[in-house]
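J.: I'd like to go over a predicted model; first the sequence, then the structure.
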Amino acid sequence: MSTPVPILMYHSVAREPNDATRELSVTPEAFAEQLAAVADLGLTPLTTAELAAIWRSPGRALPERPVLITFDDGYEGVHRHALPVLAKHGFPSTLFVSTGWLRGAYDTGGGLDTMLGWDEVRALAGAGTEIGGHSHTHPQLDQLDDDALGFELLRCKEIVADELGAVPQSFAYPYGYSSRRVRAAVRGAGFAQSLAVGNGLARRRQGPYALQRVTVRRVTGIEEFTRLVEGRAIARNFAGDRALTKGYALVRRARQVRRKAIRTRV
């Protein structure tokens, strides 16, 4: 049996986030307290690529008490507030960027709050943060047709490779949603592994393209955070989230069936 691994999903790290990002933000002080707890508990942070490489290699063992620290979207506070704390502890992390949301030549104007620029992304990469893909414009990938889906994946990969000089190996699904078709497209685009949400521990049997994460939010206190990284009471903590996710999955499948029927009639 492989060891289950908590993969922490952060978004914005900010004192005064806007309404769009507030729920999934954490304060700089909370982030510092949480990473101090990771250190005090003797956990070993890994990047997404490191975890996947170990699970792909027969005979390779995980380090003692592994954990992943991941960030989605690309908010400016990851550089301003999170990077100094990561550097203090010597912790690696993974940042999944929506390339069309970042400041610079590719900005489509969709970013929800103040976003990173490419110089800041390069600084994070140079300090030990793996940079992964999170699509170009952050759509619900399972609602796109094949051409639009391919564009979102390949455009994101191309921009990250051009800006950083290294092809991104890991991906995270916007909104945490995927489907068999989306997972196949992510693999076909050349990403070696991908993260969902699920609010559960990651396990090798989930496969490299559906690894689960646990959400860290503004209301996550240090006691709850400790339970998350220790893998305790996760099902109870996220019971409401899971019920909503199951209900919305039915709605999404109905939308897909309806669109297919419309295309067939046309």
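T.: Arrived safely, thanks for sending.

J.: use CA for all of it now, contacts and neighbours both
T.: Fine.

J.: confirm that residue 167 sits in a helix.
T.: No. Residue 167 is assigned coil when assessed by DSSP: H, G, I helix; E, B strand; the rest coil, not a helix.

J.: for the nearest residue to it once chain neighbours are set aside, helix, strand, or coil?
T.: Leaving aside its chain neighbours, residue 167 sits nearest to residue 161 (4.5 Å; criterion: Cα to Cα, 6 or more residues apart in numbering). Here residue 161 is recorded as helix under three-state DSSP.

J.: ok, how many other residues are close to residue 161?
T.: 14 (other Cα atoms under 10 Å).

J.: do you know the pLDDT at it?
T.: Reported pLDDT at residue 161 in the predicted model: 98.

J.: how much space separates it from residue 89?
T.: Plainly put, residue 161 is 28 Å away from residue 89 if you go by Cα to Cα, to the nearest Å.

J.: likewise residue 35?
T.: Look at residue 35 and residue 89: by Cα to Cα, they are 8 Å apart.

J.: between the two, who's got more neighbours?
T.: Neighbour tally, residue 35 and residue 89, criterion other Cα under 10 Å: the higher count belongs to residue 35, 20 against 12.

J.: the more buried one is in what secondary structure piece?
T.: helix 28-40 (DSSP states H and E).

J.: centre of the chain to that helix, how far?
T.: Taking Cα atoms, centre = their mean, to the nearest Å, one finds helix 28-40 lying 19 Å from the centre of the chain it belongs to.

J.: same check, this time on stretch 84-98
T.: Centroid separation for stretch 84-98 versus its chain: 13 Å, with Cα atoms, centre = their mean.

J.: contacts for that stretch?
T.: Applying Cα atoms under 8 Å, 6 or more residues apart in numbering, the contact partners of stretch 84-98 are 32, 35, 39, 45-48, 68-74, 127-138, 156, 171-172.

J.: inside strands: which ones of these?
T.: Secondary structure from DSSP state E places 45-46, 68-73, 129-133, 171-172 of these in strands.

J.: now, which of those residues sits nearest residue 229?
T.: residue 68 (9.4 Å; Cα to Cα).

J.: report the contact partners of the closest one.
T.: Applying Cα under 8 Å, 6+ apart to residue 68 gives the contacts 5, 6, 7, 8, 45, 46, 47, 48, 93, 94.

J.: same thing but 7 Å
T.: Counting by Cα atoms under 7 Å, 6 or more residues apart in numbering, residue 68 touches 6, 7, 8, 45, 46, 47, 48, 93.

J.: please report how far the residue nearest to it when sequence neighbours are not counted lies from residue 25.
T.: Leaving aside its chain neighbours, residue 68 sits nearest to residue 7 (4.5 Å; criterion: Cα to Cα, 6+ apart). Going from residue 7 to residue 25 by Cα to Cα gives 16 Å.

J.: same check, this time on residue 139
T.: 20 Å.

J.: compare those two (neighbour count), which wins?
T.: A side-by-side neighbour count of residue 139 and residue 25, using other Cα under 10 Å, places residue 25 first with 25 against 18.

J.: give me the phi and psi for the closest residue to that one other than its chain neighbours.
T.: In space, and not counting its chain neighbours, residue 25 is closest to residue 12: 4.5 Å by Cα to Cα, 6+ apart. Per-residue torsions, residue 12: phi -90, psi 140 (degrees, to the nearest 10).

J.: also residue 164?
T.: Dihedral angles (degrees, to the nearest 10) for residue 164: phi -110, psi -10.

J.: show me the contacts for it.
T.: By Cα under 7 Å, 6+ apart, the residues touching residue 164 are residue 122.

J.: picking that back up, my read is that the residue nearest to residue 167 contacts residue 155, right?
T.: No. Using Cα atoms under 7 Å, residue 161 is not in contact with residue 155; the gap is 9.9 Å.
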